[in-house]
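Undergrad: Here is a sequence together with a model predicted from it:
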Amino acid sequence: MAANTKIIIAGPRGKMGKEAVHLVHETEEFQLVAAVDSKNNGLTIKELPGMPDENAFIYDDMQTCLEEMEADVLIDLTTPTAGKHHLELALDHHVRPVVGTTGFTPEDITRLRKKAEEKEIGAIIAPNFAVGAVLMMKFSQMAAKYFSDVEIIEMHHDNKLDAPSGTAAKTAALINEVRPHKEQGHPEEQEELEGARGAQVDGLRVHSVRLPGLVAHQEVMFGGSGQTLTIRHDSINRQSFMPGVKLAVENVLRVNTLVYGLENIME
Ligand SMILES: NC(=O)C1=CN([C@@H]2O[C@H](COP(=O)(O)OP(=O)(O)OC[C@H]3O[C@@H](n4cnc5c(N)ncnc54)[C@H](OP(=O)(O)O)[C@@H]3O)[C@@H](O)[C@H]2O)C=CC1
Ligand SMILES: O=C(O)C1=N[C@H](C(=O)O)C[C@H](O)C1
C-alpha cells in the first residue's frame, strides 16, 4: 500500500459519505485531498456541520476536481446516476474508484470492467460493505445448491432511491449461479394486485420494503419439503459498512480490473 493514500470522497454530506469522511480522517495511512458534493463548492470539509478538522476543498463538479487534484482513490457514495458518471470520469483520470453507490446493472459492470482493464487500473464496486451481509450472500449461495425455491426480502429506510437494493440484486445473481433454473410458485398463479409477487430474477422473487426506522436488512428465505431456512442480516447503523470501505480502498491499489463484490477481496 502507498504510505499515504490520497482520497477523494463524493457525497460527503450523505449518510454514508459522512461516515467515510470520519473513516479517512481517523486512518493514519489515508489522506482526504478533496470532496465532491452537489453543494458547497469552494468550502472546505471542516466548514460543514459535524465534520472533522479537514482542510480538503469541496468541488461541485467531479471533472474539475479530478483535473485539479492528484488522488489515488475515489470513494463514491452518491446516487445511481452520479455514481456511474463519477466512476467513468475517475477511470479516465487514472484514479481508482471504490464505489458503494448502488444501481449498477450487469451491463454497466461488464462495460466498466472492460474500460478498467483497457486502462489497466483497479476499481471496486461493492453493493454491500458490511462483512455480515457478504457472509449472508455467501451462505445463501451455499444453501441454494440444496434448495431451488427461494425468495429475497430486502428492507430499507424510505430515502433509498433504487429498488431492488444492490445487495438483493447481487444475492440473486450469486444464487442463480448455482440454482437450477426454476419458475417458482404455482404455474397458474395470478397476481390479483400488480406487484404482489415482487420482481422476478430468473424465476426467483425479490421483494423490496421501504419504511422509516429501518436501516438496511435482508432475509433470504428458502423452502423445501416440510422445512424452511431463513438467512438474515441487519445493519443497524452505517458504521457497520466502514471496515469494508477501508478494506476496499487498500485492495483497489493492488488490482488491475474491476472487482464486483467485497467477497472477492475478503480473505
Ligand atoms: N455499498 C454499501 O455498503 C452501501 C451503499 N449505499 C449506497 O450508497 C449511496 C449513498 O447512500 P446514502 O449515504 O444512504 O445516501 P444519501 O442520500 O444520504 O447521500 C447521498 C449524497 O450524495 C450527494 N450527491 C448527489 N448527487 C451528487 C453529485 N452529483 N455529486 C456529489 N454528491 C452528490 C447527495 O447530496 P444532495 O442530496 O444534496 O444532492 C447526498 O449528500 C446509495 O446508492 C446507497 O444505496 C448505502 C449504504 C451502504
Ligand atoms: O441505501 C442503503 O441504505 C443501502 N444500500 C446498499 C444496497 O442497495 O444494497 C447496501 C445496504 O443495503 C444499504
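TA: Nice, I can see it. Ligands and ions are numbered 1, 2, ... in the order given.
Undergrad: Quick one: name the residues of this protein near ligand 1.
TA: When proximity is defined as CB under 6 Å from any ligand atom, the chain approaches ligand 1 at 10-11, 13-17, 36-39, 77-79, 82, 100-102, 126-129, 159, 241. Bear in mind the C-beta positions are built from the backbone N, C-alpha and C, glycine included.
Undergrad: Identify the residue nearest residue 101 in space, chain neighbours excluded?
TA: What sits nearest to residue 101 in space, not counting adjacent residues and going by CB to CB, 6 or more residues apart in numbering, is residue 83, at 3.1 Å.
Undergrad: Oh, that last question was meant for residue 157, not what I typed.
TA: residue 214 (5.1 Å).
Undergrad: Name the SS class of that neighbour, please.
TA: Secondary structure of residue 214, reduced to three states by DSSP: H, G, I helix; E, B strand; the rest coil: coil.
Undergrad: cool, residue 35 as well?
TA: Secondary structure, three-state DSSP: residue 35 is strand.
Undergrad: Check whether it really touches residue 55, as I assumed.
TA: No - at 11.1 Å, residue 35 does not count as touching residue 55 under the criterion of CB atoms under 8 Å.
Undergrad: which one of the two has more residues nearby?
TA: Counted by other CB atoms under 10 Å, residue 35 and residue 55 do not tie: residue 35 has more neighbours, with 29 against 10.
Undergrad: contacting residues for that one?
TA: Contacts of residue 35 were listed using CB atoms under 8 Å, 6 or more residues apart in numbering, and they are 8-10, 12, 17, 21, 45, 56-59.
Undergrad: rewinding a little: which neighbours do residue 35 and residue 55 have in common?
TA: Residues touching both residue 35 and residue 55 (CB under 8 Å, 6+ apart): residue 45.
Undergrad: Just checking: what are the partner strands of the lowest-mean-pLDDT helix or strand in the chain?
TA: In the chain, no helix or strand scores lower on mean pLDDT, DSSP states H and E than strand 199-201, which sits at a mean of 93. Looking at strand 199-201 with DSSP bridges, its partner strands are strand 204-210 (antiparallel).
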